[in-house]
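[1] what follows is a predicted protein model with its sequence.
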Amino acid sequence: MVVRSDSSADTVKYTQLLAENALWESIYGPYGFDSLYVGNSTTIMYWPVNNTINFYAEGVVGMFGIVESIPYTLGYASLANIAAYGATFAALENKFGEIVAPSSSTIQPMMNLTSELTQPNKIMLSISVIEPNVNNAYPAAFMQYILYQSTRLATNCCVAQEFVGLVDFAFNSQNADLYATQNYLMPLTPQLKALVEKLFLENATCQNASGATVNAYDAYVQTVQPKATSPPAASPNY
């Protein structure tokens, strides 16, 4: 078994899944970002000392480097990274005893169980669902979307307009969903798209040339959208 020695969201979600086992939960529990390390940032993360863990990897590159070079080793990573490195992945058994592989049909149904929809005022721009109470669902999913540098958007309306235009295209174009699926990224469900797009576009503001704070999407509609005859050229990476 290969595990990460550095701070990693993959480790957090992987151990959250392991913590569904009562024994693991009682002894170790899931790791959080505040408890990943013992000591300073150069210290190897604490993992149970046993014969299962044989290697510690630094970053995604280190993880795949070890897994690919040593036969019969297991590791963990995001599906997109697995596809990028040409690695193989295993189907997992969910709480109903079903053996399930990650796909749109096994992950999208549980997206709507996230607190983003059940608690609309708690928007984290991410999805994290472990062992959902849904048949034929993959047992663990952690997805992030709309990652951006708010400071840069707030002070540069040109950047903000291009960005919200890309978000608009990514959330409303069938081509964007196709691109995501082909690259092992997971399109959001229509319900989640509608909620997140509404909240994001309503709150995306920037300073215009006069120094006034304006809504970036309104500025995009007024200046960019009327001139555009096709979606933004950049591919959506979300």
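    Arrived safely, thanks for sending.

[2] ok, residue 76 - contacts?
    3, 10, 11, 14, 63 (Cβ atoms under 8 Å, 6 or more residues apart in numbering). All C-beta spots, glycine's among them, are computed from the backbone N, C-alpha and C.

[3] tell me if the fourth one really is in a helix.
    When you say that, I think you mean residue 14. Yes. Counting by DSSP: H, G, I helix; E, B strand; the rest coil, residue 14 is found in a helix.

[4] count of residues packed around it?
    20 (other Cβ atoms under 10 Å).

[5] care to break this protein down by domain?
    Annotated domains of the chain cover 1-89, 91-144, 150-227 [automatic domain parsing].

[6] distance from the last one to the middle of the chain?
    Centroid separation between domain 150-227 and its chain, computed with Cα atoms, centre = their mean, to the nearest Å, is 18 Å.

[7] likewise the first one?
    Here the centre of domain 1-89 is set off from its chain's centre by 17 Å, with Cα atoms, centre = their mean.

[8] before we move on, what about the second one?
    For domain 91-144, the distance from its own C-alpha centre to the chain's C-alpha centre is 12 Å (Cα atoms, centre = their mean).

[9] all helices of this protein, in order?
    Per DSSP state H, the chain carries helices over the ranges 9-18, 22-27, 59-69, 79-84, 104-111, 115-118, 150-155, 157-172, 174-182, 190-203, 216-223.

[10] could those helices go into a markdown table alongside mean pLDDT and distance to residue 135?
    A markdown table is the format used below for those (pLDDT from 0 to 100; distance: least, Cβ to Cβ, whole Å):
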| stretch | mean pLDDT | distance to residue 135 |
| --- | --- | --- |
| helix 9-18 | 82 | 18 |
| helix 22-27 | 80 | 22 |
| helix 59-69 | 93 | 31 |
| helix 79-84 | 87 | 21 |
| helix 104-111 | 82 | 9 |
| helix 115-118 | 55 | 19 |
| helix 150-155 | 65 | 39 |
| helix 157-172 | 81 | 28 |
| helix 174-182 | 82 | 22 |
| helix 190-203 | 78 | 19 |
| helix 216-223 | 77 | 38 |
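
[11] pick the most deeply packed of those helices.
    Each of those was scored by mean neighbour count; the highest is helix 157-172, a mean of 21, by mean count of other Cβ atoms under 10 Å.

[12] and the angle for it with helix 216-223?
    Taking axes from the mean of the first three to the mean of the last three Cα atoms, to 10 degrees, one finds helix 157-172 and helix 216-223 inclined to each other by 90 degrees.

[13] what packs against helix 157-172?
    helix 150-155, helix 190-203, strand 205-207, helix 216-223 (3 or more Cβ pairs under 8 Å, 6 or more residues apart in numbering; DSSP states H and E).

[14] figure out which of these is closest to residue 75.
    helix 190-203 (29.2 Å; Cβ to Cβ).
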